[in-house]
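*Asks:* what follows is a predicted protein model with its sequence.
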Amino acid sequence: MHALLLRLARPLARPLAVAAASAAMAIAAPAIAHPKVVTATPAEGATLAQVPAVSLTFSEALVADGSSVSIVMTAMPGMADHPPMKMGGVKVALSEDKLTLTATPARPLPKGSYAAKWFVTAANGHTVEGALTFTVQ
């Protein structure tokens with residue numbers, strides 16, 4: 001009887017092992033994921049007449065206290081040796097769904113090249129940083 005049960009169970013062992021491994025990977029995947037930028041306004045490398053705000057939408061919910069964006073002027077027309085200058089008076093807000101981080105300058109950005117530098121913390125505790133570059137003409 002024992003030999004018969006083993007013969008019947010063997011064909012099921014491999015599919016059950018594959019199913020268990022697949023389920024474990026599906027459950028673990030969100031735990032190892034990091035937030036990624038899904039959309040950005042302005043788009044990376046864009047040249048615009050004005051930029052009223054910089055918005056970054058992420059793939060995962062963010063923690064407000066661990067997430068920020070700063071706008072840094074990296075070059076100014078007519079000033080070859082212009083050092084990077086962080087723009088003051090930028091209001092940063094996290095959307096209600098905690099996916100979109102928006103940086104709104106207090107005044108219109110002057111002509112020049114910029115980097116929106118971001119540092120975010122996802123709800124799962126993972127942190128990432130990056131930058132988005134654009135130009136105001």
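*Replies:* Yep, it's here.
*Asks:* send me stretch 59-71 as PDB with only the CA atoms.
*Replies:* What follows is stretch 59-71, C-alpha atoms only, in PDB (Å, rounded to 0.1, in the frame of the first residue of the first chain):
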ATOM      1  CA  SER A  59       5.500  53.100  -8.200                       C
ATOM      2  CA  GLU A  60       4.900  52.800  -4.500                       C
ATOM      3  CA  ALA A  61       3.400  54.800  -1.700                       C
ATOM      4  CA  LEU A  62       5.900  57.200   0.000                       C
ATOM      5  CA  VAL A  63       6.400  58.300   3.600                       C
ATOM      6  CA  ALA A  64       6.000  62.100   3.900                       C
ATOM      7  CA  ASP A  65       8.700  62.600   6.600                       C
ATOM      8  CA  GLY A  66      11.300  60.600   4.600                       C
ATOM      9  CA  SER A  67      10.700  62.100   1.100                       C
ATOM     10  CA  SER A  68      11.800  65.400  -0.400                       C
ATOM     11  CA  VAL A  69      12.600  67.300  -3.600                       C
ATOM     12  CA  SER A  70      14.900  70.200  -4.100                       C
ATOM     13  CA  ILE A  71      15.300  72.300  -7.200                       C
END
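*Asks:* any idea how far it is from the chain center?
*Replies:* Distance of stretch 59-71 from its chain centroid, counting by C-alpha atoms, centre = their mean, to the nearest Å, is 8 Å.
*Asks:* next: stretch 63-74.
*Replies:* A distance of 12 Å separates the centroid of the chain from that of stretch 63-74, by C-alpha atoms, centre = their mean.
*Asks:* now the end-to-end length of that stretch.
*Replies:* End-to-end distance for stretch 63-74: 28 Å, by C-alpha to C-alpha, to the nearest Å.
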